[in-house]
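Visitor: need a 3D model of the following:
(one chain, ligands or ions: 1)
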Amino acid sequence: MSKVLIIGAGGVGSVVAHKCAQASHVFTDIMLASRTKSKCDAIAASIGGNKIKTAAVDADNVPELVALIKDFQPAMVINVALPYQDLTIMDACLETGVHYLDTANYEPKDVAKFEYSWQWAYREKFEKAGLMALLGCGFDPGVSGIFTAHALKHHFDEIHYLDIIDCNAGDHGKAFATNFNPEINIREITQNGRYWQKGEWIETQPLEIHQPINYPNIGDKESYLLYHEELESLVINIPHLKRARFWMTFSQNYITHLRVLENVGMTGIKPIKFQGMDIVPLEFLKAVLPEPSSLGEGYKGETSIGCQIKGLKDGQEKTYYIWNNCDHAACYKEVGAQAVSYTTGVPAMLGAMMMLTGEWMKPGVYNVEEFNPDPFLSLLGEYGLPWHEKVNVPLAFNDYNL
Ligand code: NDP
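Guide: Okay, the predicted model is just below:
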């Protein structure tokens with residue numbers, strides 16, 4: 001019997017609201033609040049049955065958040081607004097005594113910098129308040145860490161090599177669009193790449209390292225090495241790692257558009273003067289690109305996201321692949337969303353369920369791989385994301401001799 005407040009009525013927020021409504025035995029009372037209330041109302045109407053209350057909130061404003069939380073009195077907040085709001089929402093949760101969950105780490109608006117330090121700095125405050133904050137509980141970050149924890153618990157004594165690979169083989173029919181918030185997505189892709197090797201971070205130029213990787217039921221796709229935030233917590237929480245990398249596929253069409261936009265300065269995050277006003281080019285670009293929540297209709301194909309792992313079990317070398325494939329059209333049919341929103345929203349709802357049912361409840365600030373993966377993975381398929389595993393498979397890479 002728990003009340004939950006979802007903040008952010010975009011592509012992911014819509015899926016979280018639908019999925020919480022489907023799990024009404026846990027989420028007995030649901031409110032969706034966002035900057036634009038009409039977007040919350042449209043999502044509530046699509047769910048129907050007066051299951052979702054709605055409200056307007058500016059999540060950059062702590063007093064506004066505190067007033068809303070005090071009024072609704074949820075047990076926890078699921079933050080699926082933007083990473084810029086993580087700290088203000090955490091502050092409001094501390095002030096009102098409610099638990100917190102998000103799917104993306106805090107980023108300051110004026111620097112494209114992805115790290116947990118700002119949120120990990122809240123550990124003591126959450127512990128002292130007897131509250132829990134669960135960070136990065138989408139698919140990647142999120143299920144990628146839970147898959148790794150499952151591999152360590154059930155398949156390996158030591159994990160030496162971890163490659164998280166994220167493939168979207170879908171086609172939304174648009175010339176150029178991003179599958180989650182364009183501003184956050186483009187900031188992530190245009191920064192330097194980084195991976196962990198032999199105890200240190202190796203930095204690369206943006207999209208410098210790439211190679212074709214074969215994905216289950218999808219085939220060969222060009223995959224680019226990116227820095228991704230879950231690497232930061234996994235290299236701390238998974239012992240014996242010699243190397244950890246993250247790969248994402250992009251079509252040549254996407255890369256060409258991105259390069260042109262970068263070359264003409266449209267991905268910049270520093271304000272420029274335009275007709276006497278300060279505008280941030282990337283914010284303007286976001287305004288002209290399709291919203292992630294609008295991409296679902298007609299989206300064809302699948303995503304395939306998983307972890308390829310090599311390590312030791314009982315003194316023997318072992319390889320392992322664990323993954324989920326998710327079909328865009330099936331997601332649209334079920335909840336009116338594309339698969340990238342869906343694969344983020346389902347784990348966010350399930351993480352909240354883990355917290356509210358006590359499976360994953362302890363005061364402090366945590367990343368998902370710090371918890372028992374079993375109860376989460378036992379429900380992931382039931383809520384729409386079936387997963388698969390294969391032992392002693394040929395892996396996508398051949399450089400395992402560190
Ligand atoms: P969208 O842009 O579709 O949605 C973001 C929503 O947040 C919008 O409704 C927006 O309101 C709202 N919002 C923005 N600023 C504020 C504010 N100050 N106060 C209140 N509401 C605000 O993005 P997505 O749904 O695609 O992504 C949501 C989050 O999920 C992002 O943080 C993204 O990084 C994360 N994500 C995580 C993934 C994972 O696997 N871990 C994968 C994909 C996304 P408005 O409509 O008025 O602009």
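Visitor: tell me the spatial nearest neighbour of Asn192, not counting adjacent residues.
Guide: Taking Cβ to Cβ, 6 or more residues apart in numbering as the measure, Asn192 lies nearest to Glu203, with 5.2 Å between them; neighbours along the chain are not counted. (Glycine included, C-beta is placed from N, CA and C.)
Visitor: doesn't the one you found belong to a strand?
Guide: Yes - the secondary structure assignment for Glu203 places it in a strand, going by DSSP: H, G, I helix; E, B strand; the rest coil.
Visitor: quick one: whichever residue of the stretch 301-402 of the chain sits closest to the ligand and Val15, what's the gap?
Guide: Residue of the stretch 301-402 of the chain nearest the ligand, by Cβ to the nearest ligand atom: Thr344 (3.9 Å). As for Thr344, its distance to Val15 is 7 Å (criterion: Cβ to Cβ, to the nearest Å).
Visitor: who's in contact with Gly136?
Guide: The contact partners of Gly136, taken as Cβ atoms under 8 Å, 6 or more residues apart in numbering, are 102-105, 142, 145, 229-230, 233, 367-368.
Visitor: check what pLDDT it gets.
Guide: Reported pLDDT at Gly136 in the predicted model: 98.
Visitor: the residue of the stretch 1-150 of the chain found nearest the ligand: neighbour count?
Guide: Residue nearest to the ligand within the stretch 1-150 of the chain (Cβ to the nearest ligand atom): Gly10, separated by 1.7 Å. Gly10 has 21 neighbouring residues, counting by other Cβ atoms under 10 Å.
Visitor: contacting residues around it?
Guide: In this structure, Gly10 makes contact with 34, 39, 80-81, 181, 291-293, 341, judged by Cβ under 8 Å, 6+ apart.
Visitor: dihedrals phi and psi, it?
Guide: phi -100, psi -160 (degrees, to the nearest 10).
Visitor: Ser304 too?
Guide: phi -140, psi 110.
Visitor: ok, now the one 10 residues further on?
Guide: As for Asp314, its main-chain torsions (degrees, to the nearest 10) stand at phi 50, psi 40.
Visitor: Glu359 now?
Guide: Note on Glu359: its backbone torsions stand at phi -60, psi -40 [degrees, to the nearest 10].
Visitor: beta partners for Gln308?
Guide: Listed beta-bridge partners, Gln308: Asp163, Tyr321 (assigned using DSSP bridges).
Visitor: around the ligand, pick out the residues from the stretch 201-350 of the chain.
Guide: 291-293, 340-341, 344 (Cβ under 6 Å from any ligand atom).
Visitor: go with 5 Å
Guide: Within the stretch 201-350 of the chain, the residues that sit near the ligand (Cβ under 5 Å from any ligand atom) are 292, 344.
Visitor: which stretches in the stretch 201-350 of the chain count as strands?
Guide: In order along the chain, the stretch 201-350 of the chain carries the following strands (DSSP state E, counting those that start in this stretch): 210-215, 219-226, 243-249, 272-274, 277-279, 302-313, 316-327.
Visitor: Throw these into JSON lines and include mean neighbour count and mean pLDDT, thanks.
Guide: As requested, the strands of the stretch 201-350 of the chain are exported to JSON lines (neighbours: other Cβ atoms under 10 Å; pLDDT from 0 to 100):
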{"stretch": "strand 210-215", "mean neighbour count": "16", "mean pLDDT": "92"}
{"stretch": "strand 219-226", "mean neighbour count": "18", "mean pLDDT": "94"}
{"stretch": "strand 243-249", "mean neighbour count": "23", "mean pLDDT": "97"}
{"stretch": "strand 272-274", "mean neighbour count": "10", "mean pLDDT": "95"}
{"stretch": "strand 277-279", "mean neighbour count": "10", "mean pLDDT": "95"}
{"stretch": "strand 302-313", "mean neighbour count": "22", "mean pLDDT": "97"}
{"stretch": "strand 316-327", "mean neighbour count": "19", "mean pLDDT": "97"}
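Visitor: okay, those in CSV with distance to Met349 next?
Guide: Shown next, in CSV, are those (distance: least, Cβ to Cβ, whole Å):
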stretch, distance to Met349
strand 210-215, 25
strand 219-226, 26
strand 243-249, 24
strand 272-274, 40
strand 277-279, 36
strand 302-313, 17
strand 316-327, 15
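Visitor: Ile43: which of those is closest?
Guide: strand 316-327 (20.1 Å; Cβ to Cβ).
Visitor: gap between that closest one and the chain center?
Guide: In terms of Cα atoms, centre = their mean, to the nearest Å, the centre of strand 316-327 is set 19 Å apart from its chain centre.
Visitor: who does it touch, helix- and strand-wise?
Guide: Judged by 3 or more Cβ pairs under 8 Å, 6 or more residues apart in numbering; DSSP states H and E, the packing partners of strand 316-327 are helix 143-154, strand 302-313, helix 339-356, strand 387-391.
Visitor: among those, which is the most enclosed?
Guide: Comparing the helices and strands packed on strand 316-327 by mean neighbour count (mean count of other Cβ atoms under 10 Å), helix 339-356 comes out on top with a mean of 28.
Visitor: between it and strand 302-313, how many degrees?
Guide: With axes from the mean of the first three to the mean of the last three Cα atoms, to 10 degrees applied, the angle from helix 339-356 to strand 302-313 works out at 50 degrees.
Visitor: next one: helix 339-356 to chain centre, how far?
Guide: Here helix 339-356 shows a centroid-to-chain-centroid distance of 9 Å under the convention Cα atoms, centre = their mean.
Visitor: helices of the chain, start to end?
Guide: Remark: helices of the chain, listed N- to C-terminal, are 11-22, 37-47, 62-72, 86-96, 117-120, 123-129, 143-154, 182-190, 230-237, 252-263, 281-288, 328-335, 339-356, 373-380; assignment by DSSP state H.
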